[in-house]
Every structure is written in structure tokens, then in C-alpha cells.
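Peer 1: Turn this into a structure:
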Amino acid sequence: MLTEFKKARGEMLTGEVRNQVDQIWNAFWSGGVSNPLSVIEQITYLLFIKRLDDLHTLEESKAATLNIPMERRIFPEGNDDQGRPYADLRWSRFKNFEARAMMDVVAERVFPFLRQMGEEGSSYGQHMKDARLGFSNAALLAKTVDMLDKIPMEDRDTKGDLYEYMLGKIASAGTNGQFRTPRHLIRLMVEMMRPTPEDVICDPAVGTCGFLVAAGEYLRDNRPELFRDERLRKHFHSGMFHGFDFDPTMLRIGSMNMTLHGVDSPDISYRDSLAQEHDADAGRYSLILANPPFAGSLDYEVTAKDLQQIVKTKKTELLFLALFLRLLKTGGRAAVVVPDGVLFGSSKAHQELRKLLVEKHKLEGVLKLPSGVFRPYAGVSTAVLLFTKTGVGGTDHVWFYDMQADGYSLDDKRNALLPDDRQGTAPQTPLSEDEHAKNNLPDALGRWLRRDEGERDNPRTAQSFCVAKDEIAATGTYDLSLNRYKVVEHEEQTHTKPTDIVAELRKVETEISEGLATLEAMLG
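Peer 2: Next comes the predicted model:
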């Protein structure tokens, strides 16, 4: 039996910790750092610096306990080329400095040290090549270091929740929110795919690593036995998770998100997924989870040739689907968000790609999402495609689900419509009919998992139903829009006969005439 993730991100944070994070955020804003993405980037740098010191301290303790030399020394012994002790670069040391001295050592010593680590290709510093302290207010730095130092960071759940809470502020601030897919939708997609300890998971448009983090949390909660197996544990930490992006800021933030959620060495790397050839990792991944950017258009000259061989198009949403098929191994599965146009677009490329999914691979499901789920950043209508790469067909029936509510208002405010314990895919107790009308996620997940046990018998008027492959092919365009197949029930309306209406009007007209005649007689 599947279990819900033990918590939604941020639930475990105490009010005190939330208040401390809010204070840090407000301190940045009052200190002149107003772009929320810049705030989270600067906090990421500081958390990274703190983590380096924690790792170094751990190595020191290990060496002292076993009476052996340190295996992995992050901070060198002695002084740097300007005579400053390398020990001053450690969080545990400079956190006690006076504000001005702290600013000097962090800006002039620590950040160049981070950039050097990045240039040398250190696994710790691979995304730190252009790291810069983004503010010049010494008091703000001292205040931020002091508040971060007070937040309990020993527990993985607390660290992960802390970072997710801060990432949520990017979205709530209304800037760069396109980088964040709603977490409850991510968890739904992850639970529909049910990752396994053997999976090799990829998100080619990784952003803040939301899908990869959720997949890792799912495995921790549902398959804890993997951590008792040395091979599977090593795979989880260094072979399972892969994410690509061409925004260095996103790579830094995503890497830190994975680190704070307890994944030691994920592959979060720079790549323009649509422009670079994929020979090195074609057929490498067993699971793809993604919400790639929509509505873009690329010139043929800058698009990877191996993708153009799958589908000749400039549309990024179609190129990403081609990319997923290229990256998946045979038998690999995918849950990916697409704009509605992919489902019914009339261009040759649209039709060819739909035909490819239906005829050459196994298209299993189309989950129609409410049109407001990505507000306030985008109002585009979307769906989730669920498929398996086979290369030899396999589509039998395609499962359709018409999601009408996700637990939040579908306007720009996206306010919660239900309490926290009634949200998500597995509320504490089954939802009532009224609650289901506000949160379809548990129903969608349950029906998907039972799609071979009765869903095919559902009438086309139901919220979910199955359509045979032959019927989809018979459209000629391989149309995958839910409305093409859904039957809308209309309540029977009883209308008055026209003759009765005319008779009623004549009766009213006679009464008015008689009333006027009486009034004239009285006045005369």
C-alpha cells in the first residue's frame, strides 16, 4: 500500500524557525537585495560555506578518533598567499568576527576560495565558478550569518524543509516563479510513477530540482530498505539522480536543494538539453519526471540533430518530448507536463509525435490539469503525459482523467481551499464529496493505480475513462484532447409549450385591458 510522503515541504518547521527565515528574508529586502532569486542565491552560498565547514569538522573528528591523517582536507593548513590563516575561512571561525572583519574575510577570502574550488573542478564547488557576494552591507551579512547559525541544521528533514520554505518565497514573491512547479502536483506525478531503488531518474529541465527531491523523499518513505543495501545506497547517493539546466543560478540552488535533502553526489550539471547532442546518455534513464519550458521556438541550426531526426520542428515543447524518448532506455517511463496544444495541435510535427507515442511506444495516460494550476505565472492549459518507451508499440487503451481541482483556488492568489490534512494525494481520512470537489488528487492517483481493474468500464461521462488505441488512431490526427472523447451529461429541462405561453400572455393582456377600462371609468 502506498503511503503519502510523511509531510508536505515546510510542515515540519516550527513557528520559531519560520520566523527566523522570515527575518533573514526581510533583512535582505531592507538591505537592498530585492530580487527573491538573488536572496535565495546568496543564502545558498552561505549554506554551502557552512556545509564545507561541517564536512571539514567531520573529517577532523574521524581522523582524531581513528588516529589517522585526514583523508579529505577542504581547508588547507597554514596561510593563504596574503598571509591569512585558511582556518579564518571556516564558518565556525568567522561567524564570531566583528561585522566589518567578517565582511572582509567573506568577500575577499571565502568567495575567491569558492571560485577556485569551482575552477579546479571540485565536486563540492562545481557550480561556484562565478560565485560573488551580492551585497556590501556588513551588518546584513553578520545578521544573516548569525540567524543561519541559530537554525538547527543537524536533521535532514529540517534542512530540507528549511530550503523548501525559502524556495516557496520565490513563488510567493511573484518573481521567477516559473522555476517552481507546485509541489503537490510534483508529488502526484512521482507517486503515479512509483520510483524504485533501481531507477535512474532524470529531469532535463531541472530548475530547483523539485522532481528529483520528491522522488528521493518518496523512496525514503516507501522503500527504506534500500538504505540497508550497500549497492542500492551507493546508487541512491551517486547514480540515481540526474538533472540538467543552462542557468548557473538554478544549478547552484538545485544542487543545494538536493544536498540539504540528503543526496550526497547527484549529477546536477550544465547542459542546454535541446542544443547539445545526446549520444553519451541516449537510452540511459529509466524514469523521466519533468515540466519543461513551453511556447518557445528554436532555429533548426541550434537544435540538436538527433532530436530533429525524431521530429522535425522548432517548437520547444515538441523537442522536449523527442528528447525524453531519446534519453529513456527501452522500458523506461515518463510523467511530463505538456501544454494542451501538444494534445491536439494540427501541424505535421504535432501529429507525427502523437502517432509516434501511440504506435511506436506505450502511451498510458493523459491527466488533464485545471487551467489555473500555474497561476499567477502562466494561465496556459496543460496536461501530464504518462508513457513508456518500447520502440515496438504496446498502446492498448489510454487512460484519461479530467482533473478539475487541486486543492487551491485557480486564480492568481492560489489560496488553499482545504486544511493541510485534507490536501495532497493522501489526506488523513477519505475526502467527502464536497472535499473531493476541491481536491481531486487522491482520486486521480487511486484511479490511475487501478486503471487495469475496472477503469475501462467507466462511461465517457465519468471523471476518468479509457479510450482504445484504435479509436484514437481513427481520428486520423491521433487527437489526445480529453474533450474529443468525453461525453457531457446534460440535465433534462422541462419547457412550457409555446401554445401555453401564448395563452398565458393573452390572459395577462386581457387582465391589463380590463384594468385600464376600470381605471378610465373611475376617472371619467
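Peer 1: where do the strands sit along the stretch 351-500 of the chain?
Peer 2: Per DSSP state E, counting those that start in this stretch, the stretch 351-500 of the chain carries strands over the ranges 362-368, 382-388, 397-402, 464-468.
Peer 1: swap in the stretch 201-350 of the chain?
Peer 2: Using DSSP E, counting those that start in this stretch, strands in the stretch 201-350 of the chain cover 201-203, 241-245, 267-270, 285-290, 328-339.
Peer 1: Adding mean neighbour count and mean pLDDT, write those strands out as JSON lines.
Peer 2: For glycine as for every other residue, the C-beta is placed from the backbone atoms N, C-alpha and C. Output for the strands of the stretch 201-350 of the chain, formatted as JSON lines (neighbours: other Cβ atoms under 10 Å; pLDDT from 0 to 100):
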{"stretch": "strand 201-203", "mean neighbour count": "27", "mean pLDDT": "98"}
{"stretch": "strand 241-245", "mean neighbour count": "25", "mean pLDDT": "94"}
{"stretch": "strand 267-270", "mean neighbour count": "18", "mean pLDDT": "92"}
{"stretch": "strand 285-290", "mean neighbour count": "24", "mean pLDDT": "98"}
{"stretch": "strand 328-339", "mean neighbour count": "20", "mean pLDDT": "97"}
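Peer 1: Report the contact partners of the spatially closest residue to residue 236 that is not a sequence neighbour.
Peer 2: Nearest residue to residue 236, sequence neighbours excluded (Cβ to Cβ, 6 or more residues apart in numbering): residue 226, at 6.1 Å. When contacts are counted by Cβ atoms under 8 Å, 6 or more residues apart in numbering, residue 226 touches 197, 219, 232-233, 236.
Peer 1: Check residue 11 and give its pLDDT.
Peer 2: pLDDT recorded at residue 11 is 48.
Peer 1: could I get the strands of the stretch 351-500 of the chain as TSV with distance to residue 89, mean pLDDT and mean neighbour count?
Peer 2: Compiled in TSV, the strands of the stretch 351-500 of the chain are given as follows (distance: least, Cβ to Cβ, whole Å; pLDDT from 0 to 100; neighbours: other Cβ atoms under 10 Å):
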stretch	distance to residue 89	mean pLDDT	mean neighbour count
strand 362-368	49	98	24
strand 382-388	46	97	22
strand 397-402	54	97	23
strand 464-468	57	96	20
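Peer 1: Turn the ones you listed into TSV, columns for distance to residue 146.
Peer 2: Output for these, formatted as TSV (distance: least, Cβ to Cβ, whole Å):
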stretch	distance to residue 146
strand 362-368	46
strand 382-388	43
strand 397-402	49
strand 464-468	53
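Peer 1: closest one to residue 417 among those strands?
Peer 2: strand 397-402 (18.0 Å; Cβ to Cβ).
Peer 1: and the angle from that closest one to strand 464-468?
Peer 2: 150 degrees (axes from the mean of the first three to the mean of the last three Cα atoms, to 10 degrees).
Peer 1: count of residues packed around residue 154?
Peer 2: For residue 154, the count of nearby residues is 7 (other Cβ atoms under 10 Å).
Peer 1: Reduced to three states, what does it come out as?
Peer 2: Taking DSSP: H, G, I helix; E, B strand; the rest coil as the rule, one finds residue 154 in the coil state.
Peer 1: Identify the residues contacting it.
Peer 2: Counting by Cβ under 8 Å, 6+ apart, residue 154 has no contacts.
Peer 1: ok, now how distant is it from residue 65?
Peer 2: 18 Å (Cβ to Cβ, to the nearest Å).
Peer 1: Report the secondary structure state of residue 58.
Peer 2: Per three-state DSSP, residue 58 ends up helix.
Peer 1: 268 is where my numbering starts, stick with that
Peer 2: Taking 268 as the first residue, the last one we looked at is residue 325.
Peer 1: confidence score at it?
Peer 2: pLDDT for residue 325: 90.
Peer 1: ok, it - contacts?
Peer 2: Counting by Cβ under 8 Å, 6+ apart, residue 325 has no contacts.
Peer 1: for the one 5 residues further on, same thing?
Peer 2: Shown here is residue 330, whose contacts under the criterion Cβ under 8 Å, 6+ apart are 336-338.
Peer 1: hmm, 10 Å instead?
Peer 2: 336-340 (Cβ atoms under 10 Å, 6 or more residues apart in numbering).
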